[in-house]
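Engineer: Sequence and predicted structure are below.
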Amino acid sequence: MENNDTALPQEGELQLLEFEVGKNHYGISITKVLEIMMRRRLAPLPDSPEEIEGVFMPRDKLITVVDLHKVLKLEEDKDERGLFIICRFNNTDIGFHVDKVNGIHTTNWSEVEHPPEIAIRPENSISTGIVKSKDAIIMIVDFERIVIELSGKPELDLTGSENVQGEEFFIGKHLVIAEDSNFLNHMIVSSLTDIGFNDIRSFKNGKEAWDYIFSVREIGGDITDTIGAVITDIEMPQMDGLSLTKLIKSDSILKNIPVFLFSSLPDEQTSEKAAEAGADGHYTKPQIGLLIQKLAEIMK
C-alpha cells in the first residue's frame, strides 16, 4: 500500500499511522511514511547491529529493514505475518518490521502528551509523545533517534560550519530551541554550544517555547536584543513548529525574531508550508552546519 496522499496535515493536525509491535500500540506521523508492504525475505548484512534485520531491493532501490521487536525489546507476534512500514528520514528510505497496521488516527498536536518522566527517564526515552484513543494508548516512537543511533554516527552533520568554529555569538541574547526528542534536543544544544553559541534556552515542544517567548515580550524593548533566533522542529506535542512560527510572525513585536525550522521532513511541500508560516529558513536534520552558518551571518 503506497502513501499517495502527498498533502501535509492541516496546521496543528496530526495524522498517525497506528501499528502494533508485540500487542502494544505505536504511532508514526503519516508525513514520514512512503508505503506499507507485506513482510518478505531479506538479505542479511554481516556484522550489522542485531536490530538490522537485513536489506531488500523493491523497484531497484536498496532498503534497510529495522526490526522494531528488537529495538523495543518485545517478542514478535507469531499470529501475525508481519509488515514493513517504509519511511523516509533525512533523504534515506528505511523499513520497519511491525506485526500489524491498524490504520490512520487523526488528532491534534495539542492532544499529544509527553511520556511521564516518573516512568521513563527523558534521556533514555524512545517515545516523544502519547496519544489516547478509544481502544488503546498510542506511543509515538522517536524514529529519528533509532535511525541516528543505528547509523553508527550519533551526531549532527556540521558540514558548512567550519568557518565559524571557535567564535562566540549571541552574547547577551538567547537562542531558543524547540525539539520534542530529548535525544536530538541534547545533540542540537551540544553542537551549538561547541561552536560558540553560549546562551541557549531549550524546550520540549512549541507550547513551552511560546510561553517563554511571550514572557520575554512582556518585558518590553527590542525583542531581538534578548532573543537572537528560534530553531524549532515541526512535529511536536502540544504545539507544532508551524503553529509556533505563525504565532511569532503574526505578532507585531515578535515578528522580527528570525525563526528557522529544523526537521527530518525534506520535501518541497514542507518548505512551502514553512515559508507560508513566515519562517526565515527550513533546514533538514541531521545537517545542522548550514543552519549554524546562517545563524553566524545574521549575528555578525
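Structural biologist: Arrived safely.
Engineer: what about Gly220, distance to Phe96?
Structural biologist: Remark: distance between Gly220 and Phe96 (Cβ to Cβ, to the nearest Å) = 49 Å. C-beta coordinates here come from the backbone N, C-alpha and C atoms, glycine included.
Engineer: cool, and His105?
Structural biologist: 17 Å.
Engineer: Of the two, which one has the most company?
Structural biologist: Ranked by neighbour count (other Cβ atoms under 10 Å), His105 and Phe96 place Phe96 first, with 24 against 19.
Engineer: In the sheet, which residues pair with the more buried one? Tell me.
Structural biologist: For Phe96, the beta-bridge partners are Val66, Ile85 (DSSP bridges).
Engineer: how does this protein divide into domains?
Structural biologist: Domain ranges of the chain: 13-150, 162-299, per automatic domain parsing.
Engineer: Can you list the low-confidence ranges for the chain?
Structural biologist: Low-confidence regions of the chain, defined by pLDDT under 70, span residues 1-11, 117-124, 154, 165-171, 266-267, 300.
Engineer: cutoff 50 now
Structural biologist: Scanning the chain with the threshold set as pLDDT under 50 gives 4-9.
Engineer: need the helices for it, in chain order.
Structural biologist: 68-71, 143-150, 182-195, 206-217, 241-249, 268-277, 289-299 (DSSP state H).
Engineer: could you redo those as TSV and give each row distance to Ser127?
Structural biologist: TSV is the format used below for the helices of the chain (distance: least, Cβ to Cβ, whole Å):
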stretch	distance to Ser127
helix 68-71	12
helix 143-150	10
helix 182-195	10
helix 206-217	18
helix 241-249	19
helix 268-277	23
helix 289-299	26
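Engineer: sorry, back to before: figure out which of the domains of the chain is closest to Leu156.
Structural biologist: domain 162-299 (4.4 Å; Cβ to Cβ).
Engineer: end-to-end on that closest one?
Structural biologist: End-to-end distance for domain 162-299, by Cα to Cα, to the nearest Å: 16 Å.
Engineer: quick one: Gly103 and Thr224, what's the gap?
Structural biologist: 45 Å.
Engineer: These two: which has the busier surroundings?
Structural biologist: Thr224 (14 against 8).
Engineer: which ones are touching the more buried one?
Structural biologist: 173, 256-257 (Cβ atoms under 8 Å, 6 or more residues apart in numbering).
Engineer: Between those, identify the one with the most neighbours.
Structural biologist: Ile257 (21 neighbours).
Engineer: Can you name the residues that contact the residue nearest to it when sequence neighbours are not counted?
Structural biologist: Excluding the flanking residues, the one nearest Ile257 by Cβ to Cβ, 6 or more residues apart in numbering is Ile227, at 5.3 Å. Neighbour list for Ile227: 173-176, 213, 216, 257 [criterion: Cβ under 8 Å, 6+ apart].
Engineer: ditto for Val66
Structural biologist: 51-53, 94-97, 146-147, 150.
Engineer: can you count the residues close to Ser190?
Structural biologist: Counted with other Cβ under 10 Å, Ser190 comes out at 13.
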